[in-house]
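Asker: Sequence first, then the predicted structure, then my questions.
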Amino acid sequence: MRGAMRRAGGVLFLAACLALPAWSAPAGAADPQVRGYAGTGGAAASGDPGAPYVLVTVRDATECALPAGVTGPDPRRSRGIRIFVAGERVYPTPPGTDPTEVYPAGVEYAGPDDLLIDVLARPGQPAPTSLPLRLDCADRSGTWRTVIDRAVPYGGHGNTLPVEVSTVAENGLVRVGDIRALYNQPAQVRTQDVTAEVDGRPAQVVPGERDGLMSVRLPAGTGRGLRVLTVRAGGRSQTVPIRNGFATPPPRRAAPSQPSVDPSRSVVLHSVPTLSDLPADPVTGGLSLGAMAVLLLLIGFPSQPFNQTLDEHEEEIRRRLRALLRRPPQPRPRSGRLPGPVVFALFCVLTAGLTVLVDANVTTAGTDALVLFAGFLAAIPLVTLAYSWTIEVFARLFSDTRGALAVLGWAAALAVLCAAVSRLADFRPGYVYGLIAGFVVLREGRRDRERGLTAERGGAAVLVGAISVLLLSVVAYLVLDKVHPAATREDAAIWLRLADAVLLTTFVTGVQGIVFGLLPFRFLDGQRLFAWSRAAWALVYGTGLLIFFYVLVFKHAEGTARGADLLRGLGLFAVFGTVSVLVWGYFRYRPDPAGPGPRGWPWFAVAVVLPLALVIAAGTAAAARFAAAPPPATAAPEPPGTSSPAASPVTSPGTSTAASPLAGPTPTVSALRCERRDRDVTDPQGRTFATWTCPTERRGRVYRTPATGPATGYLSAAENWFACQLPGGPDPDGRPGTWLYTQGDDQYENEGWGWFPASFVSATWAGREVPELPPCDFAP
């Protein structure tokens, strides 16, 4: 009963670990950010030039968010919005209501969940110093939910500059007009006296057709969505929010669940993070610890029925295998066999060749594939001898019998299985099994790895060997952190690349040798350690699992990618577990060969094997979906300072396009634009840049200079950020070149910083400047 409860608890814990990425997001929506601003204007709506109005910005109103795929400022494309002021509904105006008896109001979307609300004072009455505002939004089911219900302070209109400010930027300009000048009266505010700021940055004031009329030019790099404009003159000011186009959700560099690698590069050699690149977030650490704990439970306890089944039916299994392989039961004579060291060397070459198959780019990587093969050719015997020779030295302390190095024939088959599962699950750097030999003696014609040692000493020998491999792996990884950056440069010497490959493959082979070699199955050394001390087995095996998941499996910060990584990391363990359950179930539930009995095997197959197969198939499909799913499609974003004609029928009363003198024509929307990000970056030379994100049509290399040549990195995402642009040499297709400064997803040298052809971002930018992106102010 306790065993069943433990296994059930382990299954539940595994489900919790699989669901953890989803739990890492906050369960509830944060309160929206609300702020009020005092403005003047709205003459067309109120009939009173200079009438006060209040602008309210609502940011991060997730309950009011536009449906997926919907863009543009039109609130009618939302699920539903209602606005109340002082208990009266002002938007949408109730049918039959006299507009002069309410607070005229309008609303626009400046982003998917950012709103700009405009409320005029009741005609003939002064506006209060705070606005009692209530905002209701409809959810997916059509149920109305109150998002805001409170008084929003805005400071009053006592010292407000008497100008009308358009709340919509057009072509990067915001129109501003003195209230009197708008109606052909002498201006109170002269253009030359006005200064302006946008988000605290100085902005240029552009004179209009007559004194008192002007425009404010947005500073370069002003982001889309809600911005704050302040105009000053004569000791008075007016600060109002403006809508600079429509802000699509800030696109992050969309790292695929498995980052693409330049086809001419080895996947394995570029899929192991160095020490400085390891994830530091608590979710990744928690997932690694959770996966370790789950596998310790699910591998340790169910292995005993499997091993007991092998013990009870060993002769039958051997007989069936001999019949399957058509091999006679008597041992082959030793005469004519190759010497042990020669066989070991041949198996090292064979296993290294099979292990290279885990690399998805093995057929296109060229020199990298040869370097990877050389790395495994050195790492496999190194790890094998570090493990087996340590055990042999320990065993000789208690036994006079000397063992001879002998290969494990099934290790080559296991290498093939590892490569196949790696490619099927797209697991990088791949499953690697390199413990291909051990020291054995012959007893009565059969190999004996126990060598007459007691169970305690045999288990202790395995413990010493495992610790030596872990130490070797850790040392190799620490040295790799120093060597790898220089070895991945385009012009790195071949000896440096070979050293890097040996260190990397030694780490991968050593860690995975512990993870798979210490599985507590009867035919592996893990059972000897497990039988001697479960605590020692859990300590060493758990350490190997923790390193395996933290360094080799979890390489992403996004929840979905972490889920796919976890499924891939569990792939080979699922195969081992399924095989063990099938073997145990077959011998447990098959018909009794001694006579008629219940045929339990078909029922076992239906009750256990079929659900297992469905779970594994679902996990594989989920991993494939996570890996192949493209980023969510979004409509082409508006360029800064524009608004879509189809999406702007609703206007704020203070800036009515129907009657306000500040209204102007609405320009058309460009098909492709880059969007300003809210994050700056610093390159290795210490230069800091603002960044723009652009949808990218083609993947490709990042070059050392703005021309084709040595590469510093590789861009693999569908959207990428860029810092600035320069003209340069022809692109890789020979077209005129405009080059964008960025950082690659894969980094070969200079931390991946370099130049990417603009024509790869969009073919329309071949030889042309990229809109919005500033020129680089440094020489490459």
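Answerer: Cool, the structure landed. Numbers count the residues shown, from 1 in each chain.

Asker: I'd say G221 and A723 touch.
Answerer: No. Using CB atoms under 8 Å, G221 makes no contact with A723, being 10.9 Å away. Where you see a C-beta, it was placed from the backbone N, CA and C, and this is true even at glycine.

Asker: Which neighbours do those two have in common?
Answerer: Between them, G221 and A723 share these contacting residues under CB atoms under 8 Å, 6 or more residues apart in numbering: A690.

Asker: neighbour count winner among these two?
Answerer: Each of G221 and A723 has its neighbours counted (other CB atoms under 10 Å); A723 has more, 21 against 15.

Asker: For that one, which residues are in contact?
Answerer: Here A723 is in contact with V681, D683, F689, A690, T691, W692, L740, Y741, T742, C776 (CB under 8 Å, 6+ apart).

Asker: just checking, what packs against the helix or strand hosting T506?
Answerer: For T506, the host element (DSSP states H and E) is helix 494-517. With contacts defined as 3 or more CB pairs under 8 Å, 6 or more residues apart in numbering; DSSP states H and E, helix 494-517 has these neighbours: helix 367-396, helix 455-487, helix 534-547.

Asker: now the helices for the stretch 251-400 of the chain?
Answerer: Counting by DSSP state H, counting those that start in this stretch, the stretch 251-400 of the chain has helices at residues 282-300, 303-312, 314-325, 340-355, 367-396.

Asker: which one of these has the lowest average pLDDT?
Answerer: Of all these, mean pLDDT reaches its minimum on helix 303-312 (a mean of 62).

Asker: separation between D680 and L546?
Answerer: 35 Å (CB to CB, to the nearest Å).

Asker: Neighbour count for these two, which is higher?
Answerer: In terms of neighbours (other CB under 10 Å), L546 is the more surrounded of D680 and L546; the figures are 17 against 10.

Asker: and the more buried one, how far is that from P202?
Answerer: From L546 to P202 the distance is 53 Å (CB to CB).

Asker: and what of V342?
Answerer: For V342, the distance to P202 (CB to CB) stands at 79 Å.

Asker: Same question for L397.
Answerer: Per CB to CB, L397 is found 80 Å from P202.

Asker: related to what we said a few turns ago, now render the helices of the stretch 251-400 of the chain as CSV, adding mean neighbour count.
Answerer: Shown next, in CSV, are the helices of the stretch 251-400 of the chain (neighbours: other CB atoms under 10 Å):
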stretch, mean neighbour count
helix 282-300, 19
helix 303-312, 16
helix 314-325, 11
helix 340-355, 18
helix 367-396, 22
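
Asker: Out of those helices, flag the one nearest A68.
Answerer: helix 282-300 (25.1 Å; CB to CB).

Asker: quick one, that closest one and helix 494-517 angle?
Answerer: Helix 282-300 and helix 494-517 are oriented at 50 degrees to each other (axes from the mean of the first three to the mean of the last three CA atoms, to 10 degrees).

Asker: Three-state assignment for R140, please.
Answerer: Assigned with DSSP: H, G, I helix; E, B strand; the rest coil, R140 falls in the coil class.

Asker: again but with F246, I slipped
Answerer: Secondary structure, three-state DSSP: F246 is coil.

Asker: wait, it sits on A110?
Answerer: Yes. With contacts counted by CB under 8 Å, F246 reaches A110, the gap being 6.7 Å.

Asker: what sits in contact with each of those two?
Answerer: Counting by CB under 8 Å, 6+ apart, the shared contacts of F246 and A110 are P73, G225.

Asker: domain parsing for the protein?
Answerer: 33-244, 268-329+339-628, 675-765 (automatic domain parsing).

Asker: can you list these in TSV and add distance to P780?
Answerer: Formatted as TSV, the domains of the chain follow (distance: least, CB to CB, whole Å):
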stretch	distance to P780
domain 33-244	21
domain 268-329+339-628	16
domain 675-765	5
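
Asker: between the ones you listed, which gets the lowest average pLDDT?
Answerer: Of all those, domain 268-329+339-628 carries the lowest average pLDDT, namely a mean of 72.

Asker: Identify the residue nearest G225 in space, chain neighbours excluded?
Answerer: With CB to CB, 6 or more residues apart in numbering as the criterion, G225 has its nearest non-adjacent residue at 2.8 Å, and that residue is A247.

Asker: For that neighbour, give its distance to A105.
Answerer: 22 Å.

Asker: With A531 instead?
Answerer: Using CB to CB, A531 is found at 77 Å from A105.

Asker: When these two are compared, which one has more neighbours?
Answerer: A105 (24 against 18).

Asker: who touches that one in this structure?
Answerer: By CB under 8 Å, 6+ apart, the residues touching A105 are I83, V85, V90, Y91, I117, D118, V119, L120, P653.

Asker: so when I look at the third one, I'm seeing a strand, right?
Answerer: Put plainly, it is V90. Yes. Counting by three-state DSSP, V90 is part of a strand.

Asker: Skip the chain neighbours and tell me the closest residue to it.
Answerer: A105 (4.0 Å).

Asker: Any idea what the one you found is bridged to?
Answerer: Using DSSP bridges, the bridge partners assigned to A105 are V119.

Asker: any idea how far it is from V515?
Answerer: Between A105 and V515 the computed distance is 64 Å (CB to CB).

Asker: picking that back up, contact partners for the residue nearest to G225?
Answerer: A247 is in contact with A110, G111, P112, D114, G223, R224, G225, L226, E675, counting by CB under 8 Å, 6+ apart.

Asker: at 7 Å what do you get?
Answerer: A110, G111, D114, G223, R224, G225 (CB atoms under 7 Å, 6 or more residues apart in numbering).

Asker: Widest-spaced pair of those?
Answerer: Maximum pairwise distance among those (CB to CB): 11.6 Å, between D114 and G223.

Asker: Looking at these two, which one has more neighbours?
Answerer: D114 (23 against 19).

Asker: Roughly how far does the more buried one sit from G212?
Answerer: Distance from D114 to G212, by CB to CB: 32 Å.

Asker: on that earlier part again, rebuild the helices of the stretch 251-400 of the chain as TSV, extending it with distance to L182.
Answerer: Formatted as TSV, the helices of the stretch 251-400 of the chain follow (distance: least, CB to CB, whole Å):
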stretch	distance to L182
helix 282-300	56
helix 303-312	84
helix 314-325	94
helix 340-355	77
helix 367-396	68
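
Asker: Go through those and name the closest to C418.
Answerer: Between C418 and the helices of the stretch 251-400 of the chain, the shortest separation by CB to CB is 7.4 Å, and it involves helix 340-355.

Asker: by how many degrees do the closest one and helix 367-396 diverge?
Answerer: Angle, helix 340-355 to helix 367-396, by the same axes, to 10 degrees: 140 degrees.

Asker: any idea how far F760 is from P732?
Answerer: F760 is 8 Å from P732, by CB to CB.

Asker: ditto for L539
Answerer: Shown here: L539 relative to P732, a distance of 52 Å by CB to CB.

Asker: Just the strands from the stretch 601-750 of the chain, written as ranges.
Answerer: 675-676, 681-682, 688-689, 692-695, 700-705, 707-715, 719-722, 724-728, 737-743, 746-747 (DSSP state E, counting those that start in this stretch).

Asker: still on that earlier bit, any idea which of the domains of the chain gets closest to E772?
Answerer: Closest approach to E772 among the domains of the chain is made by domain 675-765 (6.0 Å; CB to CB).
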